[in-house]
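Participant: A predicted structure for the sequence below; I have some questions about it.
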Amino acid sequence: MRNRLVLLILSLILGALTGCDGDGDTAVDQTDGETLRIVTSFLPVHLLTIEVAGGLPGVEVEVIIDPAAGDPHNYQLTPGDRLKLERADLVIINGLDLEAFLDDALVELGEDVVIIEAAAGIEPLPNRQGPATEEHHDHEDEHDHGAINPHVWTSPAAAVRMVQSIRNALSRELPDAAGTLRANAEELITELELVFDRMQRAVERGDNRRIVTNHDAFPYLARDLGLEVAAVINSNPGAPLSAGEIAELVERLNAEGAAAIFVEPQYPEDAGRAVAAETGLPVYTLDPCATGEAEPGYFLEVQERNAAALERALAPGEAD
């Protein structure tokens, strides 16, 4: 009898300890005792989401595409991806037709999952083609977004709009945490605005606003900064350019001029370096953040590196 009483007391104590964790109470209050599961499509959207909601009690954020793989253009869902989506309460995507690989899966999920397009409300730009012509028609579908260019996140100014969309969506789902979400978002927005101001100063100090990009990843950055993308080296950066295509691009740039050529860390630099050798244009790196580290702070780190590259390219005598 005495042993039974001791066991009963122990069980009551353990039960009380399990249900009275301070942080756990917050999570329960926010999500009615359940974890809010957020699935993001790929690295840039994931990075912005974890800056706003990462570490919030009762919130779990997963990304579909491995940050080391990055490229959503040809991605195909795995069984593990589908499991993530089935468990999700909220799916956050870029939008602008970037995540075509998710279309069927999202339809199958129906109304059980809230879908948020972070780029909603941003005025879209059309895709443009590089010098690749008939020789690359067989490959263009490998890197095709359709008529709309989806690379909005490469502009810090556009990324601010995405952060606001993410914040608003999460605040609707987690009203008790709206204050924290707003504070996190404002901190990130302030940092993005500072790095964008740094980019703007570099443009204003320079005397040539024409740039060449590796592929069509930076039209929103160019639009927001008042730059002109004079040429895109390759509309399908995974396919090599022919000697004739390089010669055509060289002739154009020698005639029209540009400040610099920008290559990307995700793709081979051969074509860009070849064009630079023939034109005498300097080469710098702009990172579209398609691959990298899925950690807080990484998105801003990339933007800071991009700002430094623009300073060196556009105003080399005055760069910090």
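Facilitator: Nice, I can see it.
Participant: from here on, contacts and neighbour counts on C-alpha atoms
Facilitator: Fine.
Participant: Residue 91 in helix, strand or coil?
Facilitator: Following DSSP: H, G, I helix; E, B strand; the rest coil, the label given to residue 91 is strand.
Participant: What pLDDT does the model give it?
Facilitator: Here, the pLDDT recorded for residue 91 equals 98.
Participant: residue contacts, it?
Facilitator: Residues in contact with residue 91 (CA atoms under 8 Å, 6 or more residues apart in numbering) are 38, 39, 40, 41, 85, 113, 114, 115, 116.
Participant: Could you rerun that using 10 Å?
Facilitator: 37-41, 61-63, 84-85, 106, 113-117 (CA atoms under 10 Å, 6 or more residues apart in numbering).
Participant: Could you give the bridge partners of it?
Facilitator: For residue 91, the beta-bridge partners are residue 39, residue 115 (DSSP bridges).
Participant: secondary structure class for residue 230?
Facilitator: Three-state call for residue 230 (three-state DSSP): strand.
Participant: which residues of the stretch 51-200 of the chain fall in strands?
Facilitator: Using DSSP state E, counting those that start in this stretch, the strands of the stretch 51-200 of the chain run over residues 59-63, 90-93, 114-117, 125-126, 148-149.
Participant: So which of those strands has the densest surroundings on average?
Facilitator: Counting by mean count of other CA atoms under 10 Å, strand 90-93 has the highest mean neighbour count of those, with a mean of 22.
Participant: rewinding a little: and of the contacts of residue 91, the nearest to residue 224?
Facilitator: Residue 224 has its nearest neighbour among the contacts of residue 91 in residue 117, at 20.5 Å by CA to CA.
Participant: I'd guessed the closest one sits against residue 93; true?
Facilitator: Yes. Taking CA atoms under 10 Å as the definition, residue 117 is a contact partner of residue 93 at 5.1 Å.
Participant: Ends of stretch 96-109, what's the gap?
Facilitator: Taking CA to CA, to the nearest Å, stretch 96-109 runs 20 Å from one end to the other.
Participant: for this structure, what helix or strand is lowest in average pLDDT?
Facilitator: helix 22-31 (a mean of 35; mean pLDDT, DSSP states H and E).
Participant: need the contact list for residue 207.
Facilitator: By CA under 10 Å, 6+ apart, the residues touching residue 207 are 259, 314, 315.
Participant: JSON lines for these, including pLDDT, distance to residue 191 and neighbour count?
Facilitator: Supplementary listing: the contacts of residue 207 in JSON lines, determined by pLDDT from 0 to 100; distance: CA to CA, whole Å; neighbours: other CA atoms under 10 Å:
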{"residue": "259", "pLDDT": "97", "distance to residue 191": "27", "neighbour count": "19"}
{"residue": "314", "pLDDT": "96", "distance to residue 191": "22", "neighbour count": "25"}
{"residue": "315", "pLDDT": "86", "distance to residue 191": "22", "neighbour count": "20"}
